[in-house]
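>>> the sequence and its predicted three-dimensional model are supplied below.
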Amino acid sequence: MESTIDFPPSATPALSLSLPHIRHQLIRLEDTVLFHLIERAQFPLNASIYTPGRIPLPGSTLSFSDWVLRSQEELQSKIRRFQSPDEHPFFPDAMQPPILPALLYPQVLWPNTVNLNPELKQRYITSVLPGVCAQTGRPERPEAQENYGSAASADVLCLQSLSRRIHYGKFVAESKFAQHPETFVPLIKAADRQGIDEAITDAAVEKKVLERLRLKAEMYGADPNFSNMGGPGNGNGGTEQGVRKISGEAVVAMYRDHVIPLTKTVEVEYLMQRLRGTEWE
């Protein structure tokens, strides 16, 4: 759990903040996010699991999805998942003391309180899921007939992988700050969030990320054996859009409209706290 993205306690700050290492981790997280989304996409949206009170839960007023997520985080906190600096809980009040000995991670990130999980979860439910979930064309059936448990379990994996990807922006921001403090210190002191955003933005890199995501979605979201099973082809691996596991456009839109903007918000807000307790404050 604590080495999800190859950040062991033995890692040095220099390694953790090197651009090649950061790039490698971000690409790995792209794959993780995509595979979890493909798993979630096989189920309908199941809007009932996101509505508090729609599914009765003993002793809880949470939605079914939130209840599953909170329960998972409570368990995972006991096996020190959230000791890792790249992990951020959706339910901080669910955190429990670990039953395993504490791990001493190197001090790489500056102390901060940035956690965008509430906004991430809201966007995931209202914008991301409608774009990737299976469309059944029928009304939602009674809970005994729907895959509520499977859908909520897949949501946990999707949300946690998206959270890791977005909050990895802290490492990106720290790396950029360490390389160019003369650029960021005046902007931070002036509370110039727009200036910081412009300083951290690399449009060419963002374009490459979206191009890579589109290609991965096309590759991972298609069944390579479909053309060998008597199905119709379209000149591109024998796969039609109708039998795809996930919409490539929906994946690209998710990154373009949510993952990249939220990551930059993480970077900006992290940097806004970066001078606290330093000689620049």
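Sure thing, it's come through.
>>> for the chain, what's the longest helix?
Ranked by residue count and defined by DSSP state H, the top helix of the chain is helix 19-41.
>>> which helices and strands sit right next to that helix?
Counting contacts by 3 or more C-beta pairs under 8 Å, 6 or more residues apart in numbering; DSSP states H and E, helix 19-41 is packed against helix 129-132, helix 148-167, helix 169-179, helix 203-220, helix 248-254. To be clear about C-beta, it is placed using only N, CA and C from the backbone, and glycine gets the same treatment.
>>> of the ones you listed, which approaches residue 266 most closely?
helix 169-179 (3.8 Å; C-beta to C-beta).
>>> can you count the residues close to residue 135?
Other residues within reach of residue 135, judged by other C-beta atoms under 10 Å, total 8.
>>> same deal with residue 245?
17.
>>> hmm, residue 258 and residue 123 touching each other?
Yes: look at residue 123 against residue 258 with C-beta atoms under 8 Å: they come within range, at 5.0 Å.
>>> sorry, back to before: now do the next helix or strand after the longest helix of the chain, average pLDDT.
Downstream of helix 19-41, the first helix or strand assigned by DSSP states H and E is helix 64-78. In this model, helix 64-78 carries a mean pLDDT of 98.
>>> again, but for stretch 153-167
Averaged across stretch 153-167, pLDDT comes to 98.
>>> where does the prediction get shaky in the stretch 101-250 of the chain?
Along the stretch 101-250 of the chain, segments meeting pLDDT under 70 span 143-145, 224-243.
>>> OK, contacts around the closest residue to residue 33 other than its chain neighbours?
Nearest non-adjacent residue to residue 33, counting by C-beta to C-beta, 6 or more residues apart in numbering: residue 161, 4.8 Å away. For residue 161, the contact set (C-beta atoms under 8 Å, 6 or more residues apart in numbering) comprises 29, 32, 33, 36.
>>> now with 6 Å?
By C-beta atoms under 6 Å, 6 or more residues apart in numbering, the residues touching residue 161 are 32, 33, 36.
>>> quick one: residue 262 and residue 166 touch, right?
Yes: if you go by C-beta atoms under 6 Å, residue 262 and residue 166 touch, sitting 4.8 Å apart.
>>> comparing these two, which shows the higher neighbour count?
residue 166 (26 against 21).
>>> how close does the more buried one sit to residue 56?
Residue 166 sits 33 Å away from residue 56, going by C-beta to C-beta, to the nearest Å.
>>> and if you look at residue 261?
Look at residue 261 and residue 56: by C-beta to C-beta, they are 37 Å apart.
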